[in-house]
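# no sequence on hand, only this structure:
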């Protein structure tokens, strides 16, 4: 046997193994293989993972408490401070920022003006002790990723209250993710129950449930939240308001997912494996739970990912117009609310830095959702 024949045989064996792996792969493995071929979705997934990790570990990654404890009264509306290694006095192997002095200037109508003292360096240190926090809500800690030997550092600047925008941005990502997760979970449970019953039984039950679904879909969100906000007492805690906003978003977000589940069940309920389960004496709930829903689990996961950014957008929009979360809670909507005045737009443009993270978070979810949808559909143009 020649070398060429050996190579051809090896290639044929490799192709055969690939084919066998394809035909024996599970549904999740096939979806992952198709998903990896989409570069935009993979990049978005990477960005999404980075943002989620940044949100989860926000207390450690951020140098200060984002609320009252982290305020810097001597640096309100302060510009971003970028660490550097060199200045007019030479270079250093340790990053540093220059000390700043704040004073009101007649030339700027007595606005606060920041003057940089280039003769004084404040060196950046890593893993210093700082504000107390609880990671994941129950792990106490004092160490932060970075800080200064003396004074405070503000990578994204400060707002009108002297709060560190970098710290608030990371905590806002986590808050918005929490609200979205709770809202999606509630909507998911309601959609599974309502859509499952509607699609499996059909008939007059389906008609009644669809009437209710259409009625819920026609309820305008803004007037609903205005009514709810009117009944919320002013002294309500931030945690309680957070809970109510999440629950309401979940209760008005289930109809779309319920309709998709109903459509799938109407198609699948007449299949032979369903009839076999019914003839075996399986109950309706067992057939739905063990046979019908698992048959399109991947599509349900895709719908959940796609609906997630809309939950985040809803929370952000409601907080932005003052009907959602409020200070001292850090959320993207609360932070955007402070960036609406003309004074901020003209003089304090760093207020808009959280907007970049907000856009990145929403777009990452959208691209990942689109990628999963194409990967879950074997007849999609992206998989041909």
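Happy to help now that I have it. On a predicted model such as this, the values are computed, not experimentally measured, just so you know.
# for the residue lying closest to residue 74 once chain neighbours are set aside, helix, strand, or coil?
Sequence neighbours aside, residue 102 is the residue nearest to residue 74 in space, at 6.0 Å (criterion: Cβ to Cβ, 6 or more residues apart in numbering). All C-beta atoms are positioned from the backbone trio N, CA, C, and that covers glycine. Recorded secondary structure, residue 102: strand (DSSP: H, G, I helix; E, B strand; the rest coil).
# residues near residue 102, how many?
14 (other Cβ atoms under 10 Å).
# distance of it from residue 44?
41 Å (Cβ to Cβ, to the nearest Å).
# surely residue 202 is in contact with residue 267?
No: using Cβ atoms under 8 Å, residue 202 makes no contact with residue 267, being 11.6 Å away.
# does the nearest residue to residue 65 once chain neighbours are set aside count as helix, strand or coil?
Distance criterion Cβ to Cβ, 6+ apart; nearest residue to residue 65, sequence neighbours excluded, is residue 131 at 4.1 Å. Following three-state DSSP, the label given to residue 131 is strand.
# try residue 82
Per three-state DSSP, the secondary structure class of residue 82 is coil.
# likewise residue 120?
strand.
# that one and residue 357, how far apart?
32 Å.
# quick check: end-to-end length of stretch 266-274?
End-to-end span of stretch 266-274 (Cα to Cα, to the nearest Å): 12 Å.
# same check, this time on stretch 122-131
With Cα to Cα as the measure, what separates the two termini of stretch 122-131 is 19 Å.
# and that stretch, what's buried?
122, 124, 130, 131 (16 or more other Cβ atoms under 10 Å).
# against residue 231, how distant is residue 127?
For residue 127, the distance to residue 231 - Cβ to Cβ - is 46 Å.
# tell me which element the residue most central in space within the chain is part of?
The chain has residue 177 as the residue nearest its centroid, 4.2 Å off, counting by Cα atoms, centre = their mean. Residue 177 belongs to helix 165-201 when elements are defined using DSSP states H and E.
# between helix 165-201 and the next helix or strand after that helix, find me the angle.
Using DSSP H and E, the helix or strand that follows helix 165-201 towards the C-terminus is helix 203-217. Helix 203-217 runs at 160 degrees relative to helix 165-201, counting by axes from the mean of the first three to the mean of the last three Cα atoms, to 10 degrees.
# which strands and helices lie in contact with helix 203-217?
Here helix 203-217 touches helix 165-201, helix 255-268, going by 3 or more Cβ pairs under 8 Å, 6 or more residues apart in numbering; DSSP states H and E.
# closest to residue 96 out of the ones you listed?
Smallest distance to residue 96 across those (Cβ to Cβ): 17.3 Å, for helix 165-201.
# list the buried residues of that closest one.
For helix 165-201, using 16+ other Cβ under 10 Å, the buried residues are 165-177, 179-180, 182-184, 186-188, 190-192, 194-200.
# what average pLDDT does it get?
Helix 165-201 shows a mean pLDDT of 86.
# quick one, it and helix 255-268 angle?
Using the same axes, to 10 degrees: helix 165-201 against helix 255-268 is 40 degrees.
# quick one: residues in contact with stretch 228-247.
Outside stretch 228-247, the residues that touch it by Cβ atoms under 8 Å, 6 or more residues apart in numbering are 175, 178-179, 182-183, 186, 248, 315, 318, 323-326, 328-329.
# go on, stretch 129-144?
Under the criterion Cβ under 8 Å, 6+ apart, residues 56-57, 59-65, 69-70, 127-128, 147 lie in contact with stretch 129-144.
# okay, domains of this protein per the record?
Domain assignment for the chain, taken from automatic domain parsing, gives 81-153, 168-383.
# out of these, nearest to residue 49?
Proximity of these to residue 49 was assessed by Cβ to Cβ; the nearest stretch is domain 168-383, lying at 8.9 Å.
# count the neighbours of residue 151 for me.
15.
# wait, what's in contact with it?
Residue 151 touches 99, 122, counting by Cβ under 8 Å, 6+ apart.
# and it, which of the three is it?
coil.
# could you check the pLDDT of it?
Looking at residue 151, the pLDDT reads 82.
# and it, how far from residue 117?
Taken as Cβ to Cβ, the span from residue 151 to residue 117 is 11 Å.
# give me the common contacts of the two.
residue 99.
# now, the contacts of stretch 129-144 that are in helices?
Cross-referencing these against helices under DSSP state H gives 56, 59, 60, 61.
# list the residues that contact the first one.
Pointing back at residue 56 there. Going by Cβ under 8 Å, 6+ apart, the list of residues near residue 56 reads 136, 174.
# ok, the second one next?
For residue 59, the contacting residues are 133, 134, 135, 141, 171, taking Cβ under 8 Å, 6+ apart as the criterion.
# gap between the residue nearest to residue 74 and residue 283?
For residue 102 relative to residue 283 (Cβ to Cβ), the value is 71 Å.
# then residue 151?
Counting by Cβ to Cβ, the separation of residue 151 from residue 283 is 67 Å.
# who has more neighbours, residue 120 and residue 357?
residue 357 (20 against 15).
# can you report phi and psi for that one?
Here is the backbone geometry of residue 357 (degrees, to the nearest 10): phi -70, psi -40.
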